[in-house]
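> one predicted model, sequence on top.
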Amino acid sequence: MLTSMIYHPSRHAFRIVHGDVFRNTRLVVAARSATIRSFSSVTTTEYNNALNNHARTPDFTDAHSAHGSKTTSEIVRSIGVFQACRIPFLVNNAEKLLTVSSKILGSSFTNMVMKHTFFKHFCAGENSTDMKPVIDKLQANNIGPILDYASENDTDTIEEHFEGLTTYPPFNQPARIYDYKSEKECDRHVEIFKNCISSVHDVSPHGFAALKVTALGNPMLLERMSTMLVEVKNFFAAMDENKSGFISRQDFLRCYDRHFHRDDQALDEMIEFLDPENEGVIDYISFTKLLTPYTLSSFTFKCKKIGPLAMATPSDDEIVLMKKMSERLNVLAEEAAKYGTKLLIDAEHTKYQPAIDSLVLELQQKFNAKDVTDRPVVFNTYQCYLKDMPNRMVTDLKRSERFSFHFAVKLVRGAYMVHERERAKQMNRPSPIHDTIDDTHKCYDDAVKILLESRKKHGPGLELMIASHNKESIEKTVHLMTEMGLSSSDSTVHFAQLYGMADNLTFPLGLHGYNAYKYLPYGEVHEVLPYLLRRAQENGDMLGNAGAEVDRLKQELKNRMSFA
């Protein structure tokens, strides 16, 4: 007999003694039936099967599951914040309004108002002391933290000319100046991120720390590095007429002789690296492993003519700066590995992303190596609104198989759509963004399926974070997990939503045993305001359509008032 269940006829539900309430009537016992079977006739197997099936179907519409842990004052504040965010004028002119408020009322008063409204709703606090009660409440609901130091520089307004290191790249490229202040700021950010990593360790054994590479390297340098990587890719593509990712040794040699002065010894060493099994075939992964931003100059100095690849060649000083940026990332990855914290590397603008991907792959090969760890430390982020995302992700997945490291992915739809389309238009290039939202949805769901199928084929090791507010994508992922026999708590799949948003997704996932997380921005109010403004603009459509979220908050408030 199952003594752990109590039937409540008025609610047509069963309460488990440890506190979970199942309002759904799909349990084995037909709660709505006039004739209720006695508990003694419900077998343990029937009950466990029903409980397991139920546990896999969170109810993302239930107001109490989403907001039951909030205080009444928090619910009232949430309603006010969401209602304000639904006013386009306020969202679109937030920066101007804050500037006016600071001038008229003073920055202290403006920051105080922001701190007790929007800041408290969307951010975890200013420091670890502030964050602790927020994190404790989340963990009480089986939700883990992703800490994100949210102070951010406006990389689009960096001055092009300032005092600092002047570099002179080869082939008569324009001189470039990298300011010393930027380097010092990057070193300061290392210490901030180290504190973030240790803070995660202090509050959660399985938490994440998020970081942006533009905080650890000069954005202009990242753009230069990205140009180098894109030109290497274009050079291989010019040889790969079939677009298969493979070229014959003969085709490579013909192309080499056409563009470069031959050095037989160096060429033999290159071929040995590119085709170690002497199969007569060279692939894209091996080619990009050979031609990195650090080694490109040794290849291009043999050019017969100066072309795009040569014009992307870095100076020696730029290589030094790139290596310093890589060293900063390595310091943080080592710190994360030491504390058992996972690193989420954010995606950024496409003009920086090739460099970010390259730097993250370096980290993954070192810190996610299968002979070093059973679980990945470093996650890269893939933006599914980009047309080239599937090819890039699959290529990186193949890299992980070849070089024997755990592949770890955060999937997002994308946050810079307006910027990317405007930049493409200015540069007279095709937009990198999918033409329709349906194409983006399909890209996201297809990527999840590819990764979970790889997990099924190769076993544990690969990890995936579904960083999404899209209910349909989460439901499809839950369904795929069930089909593939993955338990809700399987370490393969994590789900994450922004703090202050989509609680109807995060809390039911946590309560049903899934690996649920909240993305928790933190930092001093004046530092975090640019982050809040950017998030409001990025999620303007979602916030503008927050009617369902407001309705759930009002329903929870109404329920409390009716029991008062």
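In hand now; what should we look at? Residues are numbered from 1 along each chain as shown.

> where along the stretch 351-500 of the chain do the strands fall?
Listed in chain order, the strands of the stretch 351-500 of the chain (DSSP state E, counting those that start in this stretch) span 378-383, 408-412, 463-467, 493-498.

> flag the shaky bits of this protein, pLDDT-wise.
Low-confidence segments of the chain, defined by pLDDT under 70, span residues 1-56, 151-164, 179-180, 534-545, 563-564.

> can you do 50?
Within the chain, the stretches with pLDDT under 50 are 1-42, 46-47, 50, 154-162.

> mean neighbour count added to the strands of the stretch 351-500 of the chain, as a markdown table?
C-betas here are computed from N, CA, C, even on glycine. Formatted as a markdown table, the strands of the stretch 351-500 of the chain follow (neighbours: other C-beta atoms under 10 Å):
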| stretch | mean neighbour count |
| --- | --- |
| strand 378-383 | 24 |
| strand 408-412 | 23 |
| strand 463-467 | 23 |
| strand 493-498 | 24 |
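
> okay, those strands in TSV with distance to Ala124 next?
Putting these into TSV (distance: least, C-beta to C-beta, whole Å) gives the following:
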stretch	distance to Ala124
strand 378-383	20
strand 408-412	19
strand 463-467	17
strand 493-498	11
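
> who wins for proximity to Leu90 among these?
Taking C-beta to C-beta, strand 493-498 is the member of the strands of the stretch 351-500 of the chain nearest to Leu90, at 18.8 Å.

> in its sheet, what does that closest one sit against?
Using DSSP bridges, the strands paired with strand 493-498 are strand 463-467 (parallel), strand 516-522 (parallel).

> quick one: distance of the last one to the chain centre.
Looking back up the chat, that one is strand 516-522. On the basis of C-alpha atoms, centre = their mean, to the nearest Å, strand 516-522 sits 12 Å off its chain's mean C-alpha point.

> in that strand, what's buried?
For strand 516-522, burial by neighbour count (16 or more other C-beta atoms under 10 Å) applies to 516-522.

> picking that back up, out of the strands of the stretch 351-500 of the chain, which gets nearest to Pro133?
For Pro133, the closest of the strands of the stretch 351-500 of the chain is strand 493-498, at 18.8 Å, according to C-beta to C-beta.

> helices of the stretch 1-150 of the chain, start to end?
Assigned by DSSP state H, counting those that start in this stretch, the stretch 1-150 of the chain shows helices spanning 44-55, 63-67, 72-85, 88-92, 94-105, 107-114, 120-122, 128-140.

> nearest to Arg399, out of these?
Here helix 128-140 is closest among those (C-beta to C-beta), at 34.4 Å.

> report the angle between the axes of the closest one and strand 516-522?
Between helix 128-140 and strand 516-522, the angle comes out at 170 degrees (axes from the mean of the first three to the mean of the last three C-alpha atoms, to 10 degrees).

> buried residues in helix 128-140?
Buried positions in helix 128-140, judged by neighbour count with 16+ other C-beta under 10 Å: 128, 131, 134-135, 138.

> same thing with stretch 415-425?
Across stretch 415-425, burial judged by 16+ other C-beta under 10 Å covers 415-417, 420, 423.

> how far out from the middle of the chain is that stretch?
The answer for stretch 415-425 is 19 Å, by C-alpha atoms, centre = their mean.

> re earlier: could you dump the helices of the stretch 1-150 of the chain to JSON lines with distance to Arg375?
What follows is the helices of the stretch 1-150 of the chain, written out as JSON lines (distance: least, C-beta to C-beta, whole Å):
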{"stretch": "helix 44-55", "distance to Arg375": "24"}
{"stretch": "helix 63-67", "distance to Arg375": "29"}
{"stretch": "helix 72-85", "distance to Arg375": "34"}
{"stretch": "helix 88-92", "distance to Arg375": "39"}
{"stretch": "helix 94-105", "distance to Arg375": "40"}
{"stretch": "helix 107-114", "distance to Arg375": "39"}
{"stretch": "helix 120-122", "distance to Arg375": "30"}
{"stretch": "helix 128-140", "distance to Arg375": "20"}
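
> nearest to Pro430, of those?
Pro430 sits nearest to helix 88-92 of all these, at 27.7 Å, using C-beta to C-beta.

> and Glu318, how far from Pro170?
11 Å (C-beta to C-beta, to the nearest Å).

> of the helices of the stretch 1-150 of the chain, which is nearest Met228?
Across the helices of the stretch 1-150 of the chain, closest to Met228 is helix 94-105 (C-beta to C-beta), at 34.6 Å.

> can I get the strands paired with strand 493-498 in JSON lines with distance to Lys70?
Shown next, in JSON lines, are those (distance: least, C-beta to C-beta, whole Å):
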{"stretch": "strand 463-467", "distance to Lys70": "23"}
{"stretch": "strand 516-522", "distance to Lys70": "13"}
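
> nearest to Arg262, of those strands?
That would be strand 463-467 among the strands paired with strand 493-498, by C-beta to C-beta, at 45.4 Å.

> which residues touch the closest one?
344, 375-376, 379, 381, 406-412, 448, 451-452, 455, 473-474, 477, 491-497, 517, 519 (C-beta atoms under 8 Å, 6 or more residues apart in numbering).

> so how far is that strand off the chain centroid?
Mean-position distance between strand 463-467 and its chain equals 8 Å (C-alpha atoms, centre = their mean).

> so which of the strands paired with strand 493-498 gets nearest Ala546?
strand 516-522 (17.2 Å).

> give me the number of residues near the residue nearest to Leu98 when sequence neighbours are not counted?
Distance criterion C-beta to C-beta, 6 or more residues apart in numbering; nearest residue to Leu98, sequence neighbours excluded, is Thr110 at 6.2 Å. Residues lying near Thr110 (other C-beta atoms under 10 Å) number 21.

> before I go, just wanted to say thanks for your time.
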